[in-house]
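S.K.: attaching a predicted model along with its sequence, questions to come.
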Amino acid sequence: MPTTTPGSSPDVDIMMVGHFAKDKLVVDGVSETASGGAIYYGSIALRQLGVRVAVVTRLHPDDFPLLAELERAGVEVFAAPAPATSGIENVYNSADMERRTCTLMAFAGAFHREGIPDLSARVILVTPIIAGEIDLSLLQFLASRGPVGLDVQGFVRVPEDGGGGSERMGFIPLVFRQWPNMAEGLSHVTYLKVDRAEAELLTGETRLHVAAKELAAYGPSEVVITQSSGVTVYAEGQIYEAPFTPRSLVGRTGRGDTCFATYVGKRLSAPPGEATRFAAAVTTLKQEQPGPWRGTLEDVEEVLET
């Protein structure tokens, strides 16, 4: 990344790298196709907060028109053509929207160094949806360009067949496995996001406070852990917590993506405790509506005041 000289401004506040997805959401046997991926949920939410965002992604050229939604929101989009557009089938039971079965439908292939634009950013958010999008060498390269935020999902959620080619299709179950290069990978990360299951997988620890500190010991200065009840953050040697209090869970898909993006976005101007509460409020509102959060700061203030 071009070095930002004193007094100059970076091109964007946050650059997100990850696959745009064309997902299938199935609730009680009723299915619908919807745009997805962390870059989708995260970038639009950040734009609602006035954060300058660019996304770097891969998808089939036939699906490029789907990116117009991001562009209309003011997101700067850098898209490369791929043999397929990534997609995951998420199957829910409406009685418990917390649990889902995830199956890979298609995969857009790996990112490469030459596909990363020469863009300066205050933070680079690495938000792959499954393993195989970004390897350790690319993560190291991105970290050489600026502070990195990482969603570990894209390193521990793997196709059950162990494949990784961009032609992979055919409804392959996704399973969680250890990240073999975790120690080296996390040494390049500033902001780490995991959910409760991932935290337990990586540390063997069910107590989130302890798991967060163990993960931070690998290098991340701030660890964000999401679960159904809220978010736990370990930053600057302190634990911060804030609840999710949605009136419904119809917008549950994209919960963690929204929480992580808005936490990092708020951290650009606020301390960890305030960013934790703010991200939890945005995520509360997001879960009440399908799709990306498109609310206002006034909406967030109302939640914070209750």
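M.R.: Right, received. Where do you want to start? Residues are numbered from 1 along each chain as shown.

S.K.: what's the helix ranked longest in the chain in contact with?
M.R.: When the chain is scanned for its longest helix (criterion: DSSP state H), the result is helix 272-286. Helix 272-286 is contacted from outside by 41, 45, 49, 222, 224, 226, 230-231, 233, 235-236, 238, 240-246, 251, 254-255, 258-260, 262-264, 266-267, 270, 292-293, 295, 299-300, 303-304, using C-beta atoms under 8 Å, 6 or more residues apart in numbering. Bear in mind the C-beta positions are built from the backbone N, C-alpha and C, glycine included.

S.K.: so for the lengthiest strand in the chain, mean pLDDT?
M.R.: What stands out as the longest strand in the chain, according to DSSP state E, is strand 96-106. What strand 96-106 shows for mean pLDDT is 79.

S.K.: buried residues, it. List them.
M.R.: 97, 100, 102-106 (16 or more other C-beta atoms under 10 Å).

S.K.: the very next helix or strand once past that strand - contacts with which helices or strands?
M.R.: The helix or strand immediately downstream of strand 96-106 is strand 121-126, counting by DSSP states H and E. With contacts taken as 3 or more C-beta pairs under 8 Å, 6 or more residues apart in numbering; DSSP states H and E, strand 121-126 sits against strand 12-17, helix 136-143, strand 148-151, helix 255-267.

S.K.: average pLDDT for the first one?
M.R.: Strand 12-17 shows a mean pLDDT of 98.

S.K.: and for the shortest one?
M.R.: On average, the pLDDT along strand 148-151 is 98.

S.K.: partner strands of that strand, parallel or antiparallel?
M.R.: Using DSSP bridges, strand 148-151 pairs in its sheet with strand 121-126 (parallel), strand 191-195 (parallel).

S.K.: distance from the chain centre to that strand, please.
M.R.: On the basis of C-alpha atoms, centre = their mean, to the nearest Å, strand 148-151 sits 8 Å off its chain's mean C-alpha point.

S.K.: tell me the buried residues in that strand?
M.R.: 148-151.

S.K.: out of these, who's nearest Asn90?
M.R.: Nearest to Asn90 among the buried residues of strand 148-151, counting by C-beta to C-beta, is Asp151 at 16.3 Å.

S.K.: just list whatever residues bridge to that closest one.
M.R.: On the basis of DSSP bridges, Asp151 takes part in beta bridges with Lys193.

S.K.: from Glu298, how far off is it?
M.R.: 28 Å (C-beta to C-beta, to the nearest Å).
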